[in-house]
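In: My questions concern the predicted model and sequence given below.
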Amino acid sequence: MRRIKKILYPTLMASVLLTSAAHAVVPVFSFKGMTRHFKKDKKHFSPTIGMAALRSRLPENIRLYLGVTPGMHEGNRVYVADASQDPLAQITKILFPSVDGILGDRANDEMGNNFARYVIHTRTVALLMFYVEEVRAVTASHLEAVAKSPKKKVALESTLKGNLRILRQGHKKQARPGYVDQLWNSFVGEKPGSSFNRNTLNPLLDAIERAVFIEEQERAGTPGSPRTSEASSSPSSDSPVSRAASSSPSTSSTQMPFYPHYAVEALISAFLDFHFDSQADLWTYMGELQSLQKTLPEELAIIEDTFVKPDGQVFFEEQDLDTVLSKDKADLDMDDVFYLETLMEISGPTPYTNALSNATAWRYDRAKDAFYVRTGSTNEHGAFSSLLDTSKALERASALGKVAFIEGDHKHFADCGEMIVRHIFNLLAYNALTKTFDLEALRKLAPTPYLQNLFDFFEVQDGLATASSGSEVMRSLWNRVVGDLNGLLPLLVQGVDDYPPSSSSSSQPVEGAPIPASDIFIRYDNKRQKKEGVPATYDLSTDFGNLINVFEKILGFGATPYGDYDATRWIQETFLKLFQTTNTPLALIKRDFKKTRGKISCMVI
């Protein structure tokens, strides 16, 4: 435990200095009381370590810089073509392909080799963790045997290779299958293609074996370890020892880059916290660990037998500060350290601990009240079988009877403009004192054909735990609020791309006059639909005028259209009216509207 604190606690504290790119991750207040459920010598499996790794940019730096030979094409970086001989870099590239140079776990590959694409349940991550633990135990035993009988090294390497093969493939004398079969069985819904094992799963397991061997060799201080000056004898070319030695990006196998102990577990935990987005998922993950360890020897157990999954949410709160500070230094665990590091975020005035950026969502058809999804992406229960649903958003939305699907050769889209509107709505509705979304002012508005979809969404995104949810399901449900807002216009002219339509009686709006609801036309920038000659229905245009029209169309709060008068004053007055409509305290608004090169910007605090 002292070693774990020495290596990992500084990593936790370092995470205050840097934060990774915005993404849908488990909120920082979700890590209360988790580490205590892990066995004394297995604290490094705690999900808290994964979040600390993400915040300190450990996966990002390994993925982009650790012995990486950049992929290049015509002078441009092609991240998908990056290569590295370092096993940690290889693990990270499989878990976080980061195809655009920003840490990310998804990649749109035609061959279907993206690992994250098939990880729907936390059981997959739990299986990976136990694979690491078993590889670590087998490797440590091998190194101990080599130290005792160095003359038998070649034979012992052959034994190690056979033991690792049994872990992967299983053995007829074993009651349980190998990890390859177990991992495949954990993929529900869409199954990987025939090349997945060759291009993704086996390389991942190979890299795990090499990284663990290097670390265990160093820990044991055996000859030939990366941090000893003594050179190892030449191992057989196909042995784990040989593959570990060849992993060094340097010319000498005795100079491996430094990384913390248990870095493999930290990277997999980071994938868990990055790929999923709720505390409930972490409890489920720990329950999966507890279930899986029942079939393993006691020394491999990770979770305490006394662990019981909580019925509800257990979040860090501001009042926990006194409890944490009253503890003796020796009694602090990783969760306490992490709480102190993130206290300002937990007690902040916004609903975010991680503000989301754009990602992928599914197109919405307002007239049919349905999503266009890829054929085979829904299961018999009407759920997105190939998408993340970590906040149980889909089940709750389905219970409301609000989800329908149109299957076909449909592609998802990047929800840049849609996320801007979601952020603004969240900030308008969030009550920092009660830590809840307050929609009472909006419920007093006269109903519009679009307002109920907004209320439906906030029944799913009902608190802090889901405000930072960036799963495709949650993003798609938000698109049900802001997507295809022209779909109910009876006089919509196909191909019209400007507000207002030429047929509108309000083509020359007058200052102070309300916008007729039937005339509000929302601009979308999707090039694919425009090329096909049909009105665009997604990828919102993000100019202020269009955003104001979106708010007015949904809420009907009485915005006036832009006329031939000062644009800065019009935007300021309209947004202030929006804030007043939603009861957002005006004291929180910095009225700093600027016009630069014809574009208007502002800051809202």
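Out: Received it, and whenever you're ready, just let me know what you need. Residues are numbered from 1 along each chain as shown.

In: And the next helix or strand past the lengthiest helix in the chain?
Out: Counting residues, the longest helix found in the chain (DSSP state H) is helix 123-148. As assigned by DSSP states H and E, the chain's next helix or strand after helix 123-148 is helix 153-169.

In: got the angle for the helix or strand just after that next one vs helix 123-148?
Out: With elements assigned by DSSP H and E, the helix or strand that comes after helix 153-169 is helix 179-186. With axes from the mean of the first three to the mean of the last three C-alpha atoms, to 10 degrees defining the directions, helix 179-186 sits at 170 degrees from helix 123-148.

In: And the contacts of helix 179-186?
Out: Residues from elsewhere that reach helix 179-186, judged by C-beta atoms under 8 Å, 6 or more residues apart in numbering: 121, 123-124, 127-128, 130-131, 167-170, 176-177, 191-192, 197, 201-202, 205. Every C-beta, even on glycine, is put in place using the N, C-alpha and C of the backbone.

In: Show the buried residues in those.
Out: When the contacts of helix 179-186 are checked for burial by 16 or more other C-beta atoms under 10 Å, the buried set is 121, 123-124, 127-128, 130-131, 167-168, 170, 192, 197, 201, 205.

In: Would you agree Gln529 is in contact with Pro535?
Out: Yes. Between Gln529 and Pro535 there is a contact under C-beta atoms under 8 Å: 7.0 Å.

In: Those two: which is more packed in?
Out: Using other C-beta atoms under 10 Å as the criterion, Gln529 and Pro535 rank with Pro535 on top: 20 against 17.

In: can you tell me how far that one sits from Asn526?
Out: Distance of Pro535 to Asn526, computed by C-beta to C-beta, to the nearest Å: 10 Å.

In: which intervals of the chain have sub-threshold pLDDT?
Out: Low-confidence segments of the chain (pLDDT under 70): 1-24, 108-111, 222-259, 353-355, 375-403, 489-519, 561-565, 584-605.

In: Tell me where it has strands.
Out: 68-69, 72-73, 76-77, 83-84, 360-361, 363-365, 370-374, 405-408, 413-414, 430-431, 436-437, 594-596, 599-601 (DSSP state E).

In: Strand partners (parallel or antiparallel) of the fifth one?
Out: This points to strand 360-361. Partner strands for strand 360-361, per DSSP bridges, with pairing direction: strand 413-414 (antiparallel).

In: In the sheet, which residues pair with the spatially closest residue to His410 that is not a sequence neighbour? Tell me.
Out: Spatially, and ignoring its direct neighbours in sequence, His410 is nearest to Tyr372 (4.1 Å; C-beta to C-beta, 6 or more residues apart in numbering). In this entry, Tyr372 is beta-bridged to Arg363, Ile406, by DSSP bridges.

In: quick one: contacts for the closest residue to Asp462 other than its chain neighbours?
Out: Nearest non-adjacent residue to Asp462, counting by C-beta to C-beta, 6+ apart: Phe437, 7.0 Å away. Going by C-beta under 8 Å, 6+ apart, Phe437 touches 351, 426, 429-431, 458, 461-463, 467.

In: if you set the cut-off to 6 Å instead, what comes out?
Out: 429-430, 458 (C-beta atoms under 6 Å, 6 or more residues apart in numbering).

In: which of those lies closest to Ile49?
Out: Tyr430 (29.9 Å; C-beta to C-beta).

In: Check the burial of the residue lying closest to that closest one once chain neighbours are set aside by counting its neighbours.
Out: Nearest non-adjacent residue to Tyr430, counting by C-beta to C-beta, 6+ apart: Pro351, 4.5 Å away. Other residues lying near Pro351 total 24 when counted by other C-beta under 10 Å.

In: Could you verify my assumption that Pro351 touches Ser468?
Out: No. Contact between Pro351 and Ser468 fails when scored by C-beta atoms under 6 Å: they sit 7.7 Å apart.

In: burial of Trp570, as a residue count?
Out: 21.

In: Kindly report the same for Ile406.
Out: The tally of other residues near Ile406 (other C-beta under 10 Å) stands at 13.

In: same thing with the one 5 residues further on?
Out: Lys411: 12 surrounding residues under other C-beta under 10 Å.

In: backbone phi and psi for it, please?
Out: Main-chain torsions, Lys411, degrees, to the nearest 10: phi -110, psi 150.

In: Find the nearest non-adjacent residue to it, please.
Out: Arg374 (7.4 Å).

In: Report the separation between the one you found and Glu532.
Out: Arg374 is 18 Å from Glu532, by C-beta to C-beta.

In: between these two, which one's more packed in?
Out: Arg374 (18 against 9).

In: which stretches of the stretch 201-350 of the chain form helices?
Out: 202-220, 240-245, 263-275, 279-292, 320-325, 334-341, 343-346 (DSSP state H, counting those that start in this stretch).

In: Most tightly packed of the ones you listed?
Out: Most buried of the helices of the stretch 201-350 of the chain, by mean neighbour count (mean count of other C-beta atoms under 10 Å): helix 263-275, with a mean of 26.

In: Would you mind writing the CA trace of that helix as CSV?
Out: Taking Å, rounded to 0.1, in the frame of the first residue of the first chain, the C-alpha atoms of helix 263-275 are listed here in CSV:
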residue,chain,number,x,y,z
ALA,A,263,0.2,2.0,-15.5
VAL,A,264,-1.7,-0.7,-17.4
GLU,A,265,-4.4,-0.8,-14.8
ALA,A,266,-4.5,3.0,-14.8
LEU,A,267,-5.0,3.2,-18.6
ILE,A,268,-7.8,0.6,-18.5
SER,A,269,-9.5,2.5,-15.6
ALA,A,270,-9.1,5.7,-17.6
PHE,A,271,-10.9,4.0,-20.5
LEU,A,272,-13.7,2.9,-18.1
ASP,A,273,-14.1,6.5,-16.8
PHE,A,274,-13.9,8.0,-20.3
HIS,A,275,-16.1,5.5,-22.1
